[in-house]
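Peer 1: Could you work out the structure for the sequence below:
(4 chains)
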2 protein chains.
Amino acid sequence: MAGRRTDTRERIQQVALDLFVEQGYEKTSLREIAERLGVTKAALYYHFRTKEDIVHSLVEDVGTSFDEIIEWARAQGDPVGVREEVLRRLSVLITGRFGRIVQFMQDNQPALKDLHAGAVLVTRLRELFAVVGVDEADAESQLRVRLAVVALMVGNNQRFLGEFPADEAADAALRVALELASPRSGGAT
Amino acid sequence: MAGRRTDTRERIQQVALDLFVEQGYEKTSLREIAERLGVTKAALYYHFRTKEDIVHSLVEDVGTSFDEIIEWARAQGDPVGVREEVLRRLSVLITGRFGRIVQFMQDNQPALKDLHAGAVLVTRLRELFAVVGVDEADAESQLRVRLAVVALMVGNNQRFLGEFPADEAADAALRVALELASPRSGGAT
DNA sequence: GTCTATACTAAGATAGAC
DNA sequence: GTCTATCTTAGTATAGAC
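Peer 2: Presented below is the predicted three-dimensional model:
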């Protein structure tokens, strides 16, 4: 808030995230955001160059946190041994302060796809998959470790596992993720 | 083709699905579809009442097939014993002629959400989850069986497991799904 | 029955006044 | 830092040509 004279930028982000989570990115118009704030559309364009810019500003923090996990994992020697810790750190992020944003990203994957913000999600997810599945060669093993990441995301998504309390769902998600990521002992049929 | 003199309706569906899969539902304009077909936007409105109607026409066949699986499963006596067969039938649908449409639904879940077509996906998915997870009480078990369905969908999605040949990915998806849906023997920590 | 011409509303976006 | 006015293009609707 240092050099600025209003907090409109932050209020835009706040209201936009509310509406994006409720209705989805495409279905939320700038007019709606502006009206709820009591300003005009043009005012939004002073603070953000495009609608995409708004969502990008919301998502970039998550991207940075993902990057930190990825870089940490790559710095370690033993990829398999590190996998579990990667999932635990991811779980903390998703169940913590980034929960709503991660859910939003998950629900609006296609909308974000071609957006600049899409890179934040898609690229990072691919890197996470790579980090988590380094030593897995066949399709089944790759699918398992990638599903571990998916388990964390959908398990903490109200729309997916909404009947259970959030903390219970979060626990379950982590347990399932760890199981999916654990090296196979017995083979399949 | 009985009472009709042109195949424009089918061509619209074809072109629309192509573009929807490529670019997503929201990003594809009616002008684009019309131009690729060499007609005007208004012509589309002769064959379909709305844009949503187009996607609905694409998705309803899948919905019917899902319903058949759900109804069959409910007609059986033993819910757990039937779970495996439900997943196998789902796998056939997804890897078969409905593959592209299922991938489209998956990728455009938020766009379809409030649409009439959304009921085809969301409602059916919930019912599938219910059928597949009847006897599972805790969050972890529910998450596992629901992830089994997700495994089938993402495993057959090029964007998710694109490095492997389609048939290999399909096999892997079914194996992982069956494993996730199999009753637990050992407990977690 | 099939399609074009035309027009309407609302969206994202921009220029310039205050 | 915010507003008014305007632009382009989206989805939608309908009257009427063939």
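Peer 1: all contacts plus neighbour counts: C-alpha atoms, from now on.
Peer 2: Will do.
Peer 1: Flag every residue of chain A that's near DNA strand C.
Peer 2: Among all residues of chain A, those adjacent to DNA strand C (criterion: C-alpha under 7 Å from any atom of the strand) are A:26, A:28-32, A:41-42, A:45, A:49-52.
Peer 1: Give the ChimeraX command for selecting the buried subset of those residues.
Peer 2: A single ChimeraX command selects the buried members of the residues of chain A next to DNA strand C (16 or more other C-alpha atoms under 10 Å in any protein chain shown):
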select /A:28,30,32,51,52
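Peer 1: Just give me the closest of the residues of chain A next to DNA strand C to B:V102.
Peer 2: Ranked by distance to B:V102 (C-alpha to C-alpha), the residues of chain A next to DNA strand C are led by A:E26 at 21.0 Å.
Peer 1: got a pLDDT number for the closest one?
Peer 2: We note a pLDDT of 92 for A:E26 in this prediction.
Peer 1: Now the phi/psi pair for A:K27, please.
Peer 2: Main-chain torsions, A:K27, degrees, to the nearest 10: phi -80, psi -10.
Peer 1: Contacts only, for it.
Peer 2: A:K27 makes contact with A:F20, according to C-alpha atoms under 8 Å, 6 or more residues apart in numbering or on different chains.
Peer 1: circling back: would you mind putting the residues of chain A next to DNA strand C into JSON lines with distance to chain B and secondary structure alongside?
Peer 2: Shown next, in JSON lines, are the residues of chain A next to DNA strand C (distance: C-alpha to the nearest C-alpha, whole Å; DSSP: H, G, I helix; E, B strand; the rest coil):
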{"residue": "A:E26", "distance to chain B": "7", "secondary structure": "coil"}
{"residue": "A:T28", "distance to chain B": "12", "secondary structure": "coil"}
{"residue": "A:S29", "distance to chain B": "13", "secondary structure": "coil"}
{"residue": "A:L30", "distance to chain B": "16", "secondary structure": "helix"}
{"residue": "A:R31", "distance to chain B": "18", "secondary structure": "helix"}
{"residue": "A:E32", "distance to chain B": "18", "secondary structure": "helix"}
{"residue": "A:K41", "distance to chain B": "21", "secondary structure": "helix"}
{"residue": "A:A42", "distance to chain B": "23", "secondary structure": "helix"}
{"residue": "A:Y45", "distance to chain B": "22", "secondary structure": "helix"}
{"residue": "A:R49", "distance to chain B": "20", "secondary structure": "coil"}
{"residue": "A:T50", "distance to chain B": "16", "secondary structure": "coil"}
{"residue": "A:K51", "distance to chain B": "15", "secondary structure": "helix"}
{"residue": "A:E52", "distance to chain B": "14", "secondary structure": "helix"}
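Peer 1: Quickly check the residues of chain A next to DNA strand C for the two that are furthest apart.
Peer 2: Checked with C-alpha to C-alpha, the residues of chain A next to DNA strand C reach their widest spread between A:E26 and A:A42, with 18.6 Å between them.
Peer 1: A:R100 contacts A:F20, doesn't it?
Peer 2: No - with contacts counted by C-alpha atoms under 8 Å, A:R100 stays clear of A:F20, the gap being 10.1 Å.
Peer 1: what touches both of the two?
Peer 2: Counting by C-alpha under 8 Å, 6+ apart, no residue touches both A:R100 and A:F20.
Peer 1: Please say which of those two ends up with more neighbours.
Peer 2: Per other C-alpha atoms under 10 Å in any protein chain shown, whichever of A:R100 and A:F20 has more neighbours is A:F20, with 21 against 17.
Peer 1: which element is that one on?
Peer 2: With the criterion set as DSSP states H and E, the secondary-structure element containing A:F20 is helix A:8-23.
Peer 1: right, is that helix up against DNA strand D?
Peer 2: Yes - between helix A:8-23 and DNA strand D, judged by C-alpha under 7 Å from any atom of the strand, the touching residues are A:T8.
Peer 1: which stretches of chain A form strands?
Peer 2: For chain A, applying DSSP state E gives no strands.
Peer 1: helices and strands of it: which one has the lowest mean pLDDT?
Peer 2: The weakest-scoring helix or strand in chain A, judged by mean pLDDT, DSSP states H and E, is helix A:109-113 (a mean of 72).
Peer 1: residues touching the nearest residue to A:F66 once chain neighbours are set aside, list them.
Peer 2: The spatially closest residue to A:F66, leaving aside those adjacent along the chain, is A:R124, at 6.7 Å (C-alpha to C-alpha, 6 or more residues apart in numbering or on different chains). Counting by C-alpha under 8 Å, 6+ apart, A:R124 makes contact with A:63, A:66-67.
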